[in-house]
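A.B. asks: got a predicted model here, sequence first, then my questions.
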Amino acid sequence: MSAASRNEVRKYEVGPAEAGQRLDRFVQQLLAPLSRAAVQRLIEEGAVLVNEEREKAGYGLRAGDVVEVLWQLPQRVTEVAPRALPLEIVYEDDDLLVVNKAAGMVVHPAPGHEEDTLVNALLAYRPQLREVGSGERPGLVHRLDKDTSGLLLVAKHQQALTALADMMQRRQIHKRYLALVVGQVPLDQGTIEAPIGRDPRNRQLMTVTAHHSREARTHFRVVRRFAQHTLLSVEPETGRTHQIRVHLKAIGYPVAGDPVYGRSNHRLPGLTRQFLHAAQLVLPHPVTGTTLKLEAPLPADLQAVLEREELL
């Protein structure tokens with residue numbers, strides 16, 4: 001195999017004989033003589049994608065997976081600037097903290113949002129977080145979309161981050177969201193089980209598809225029915241990108257106010273963003289094992305929508 005130039009982008013489809021291999025071992029064979037540690041750094045930096053998604057080094061490959069190697073590393077944000085922004089801390093101890101993220105706040109730096117993110121605020125609040133995890137996502141265990149409000153879990157040291165990431169993978173961290181959807185959901189409760197992958201017509205979006213997808217499961221329960229809407233309690237069992245929004249759209253009840261997966265002709269007075277709020281986190285403490293149950297009430301803008309006459 002000839003050596004790749006540093007500007008080359010290479011794609012490989014995993015065959016049946018290679019299925020089951022760890023991602024880092026597979027890529028190391030492709031990029032020999034790079035060390036396994038060097039390959040793991042590439043994976044951590046986002047220079048290796050599986051089906052256009054970032055995966056962990058230990059991800060088990062499946063036949064048909066497309067592995068993309070970006071030989072030139074993306075520029076890494078090595079010094080995220082701390083910035084004193086409003087930050088609501090719901091819980092904190094020596095090992096972790098939980099933030100009630102405001103709608104409109106981006107979680108970590110990205111083009112156009114280098115200094116106004118949750119990470120900037122966290123570094124101003126706790127500078128030592130800079131040493132936890134990767135440079136632009138220090139301490140982050142999971143993420144929320146910009147316009148989704150609610151609870152976000154942050155590790156305060158590397159041991160806690162490793163433990164929480166393992167709990168997330170083992171599905172021991174339970175997240176409950178409140179979502180107002182368009183239409184009256186007839187079932188009192190149910191489960192949506194449908195694989196999610198990139199939309200082949202628009203690679204920026206996710207969709208229910210059997211092509212290069214991953215299993216996804218979402219449980220829902222009706223909290224309240226309105227004239228033309230339903231308030232749901234939603235618990236994603238898996239953690240795919242945009243999972244709740246994609247699954248609810250797939251069964252015909254999109255999240256109200258969703259500019260991407262919602263109904264373009266739907267307008268609800270007073271609603272200026274998607275009605276999706278991360279309301280509850282339940283998890284074992286990563287050090288003590290004690291069960292933590294944390295809650296964040298609906299923010300004022302969403303509560304006001306529920307109280308409007310137009311909804312009733």
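C.D. replies: Okay, I see it. Note that the structure is predicted; figures quoted are calculated from it, not measured.
A.B. asks: return the set of buried residues in stretch 209-218.
C.D. replies: For stretch 209-218, burial by neighbour count (16 or more other C-beta atoms under 10 Å) applies to 212-214, 216-218. No exception for glycine: its C-beta is placed from N, CA and C like everyone else's.
A.B. asks: what's the end-to-end length of that stretch?
C.D. replies: Start and end residues of stretch 209-218 are separated by 15 Å (C-alpha to C-alpha, to the nearest Å).
A.B. asks: could you check how far it is from the centre of its chain?
C.D. replies: Here stretch 209-218 is found 15 Å from its chain centre; the criterion is C-alpha atoms, centre = their mean, to the nearest Å.
A.B. asks: what of stretch 128-145?
C.D. replies: Stretch 128-145 sits 13 Å away from the centroid of its parent chain (C-alpha atoms, centre = their mean).
A.B. asks: what's the answer for stretch 149-156, then?
C.D. replies: With C-alpha atoms, centre = their mean as the basis, stretch 149-156 stands 12 Å off its chain's centre.
A.B. asks: list the contacts of residue 127.
C.D. replies: Counting by C-beta atoms under 8 Å, 6 or more residues apart in numbering, residue 127 makes contact with residue 82.
A.B. asks: and it, how far is that from residue 80?
C.D. replies: 11 Å (C-beta to C-beta, to the nearest Å).
A.B. asks: what's the answer for residue 279, then?
C.D. replies: Using C-beta to C-beta, one gets 28 Å for the distance from residue 279 to residue 80.
A.B. asks: same thing with residue 210?
C.D. replies: Counting by C-beta to C-beta - residue 210 and residue 80 are separated by 39 Å.
A.B. asks: also residue 89?
C.D. replies: 19 Å.
A.B. asks: which of these two has more residues huddled nearby?
C.D. replies: residue 80 (21 against 13; other C-beta atoms under 10 Å).
A.B. asks: assess the claim that that one and residue 121 are in contact.
C.D. replies: No. Counting by C-beta atoms under 8 Å, residue 80 sits too far from residue 121 to count as a contact (10.6 Å).
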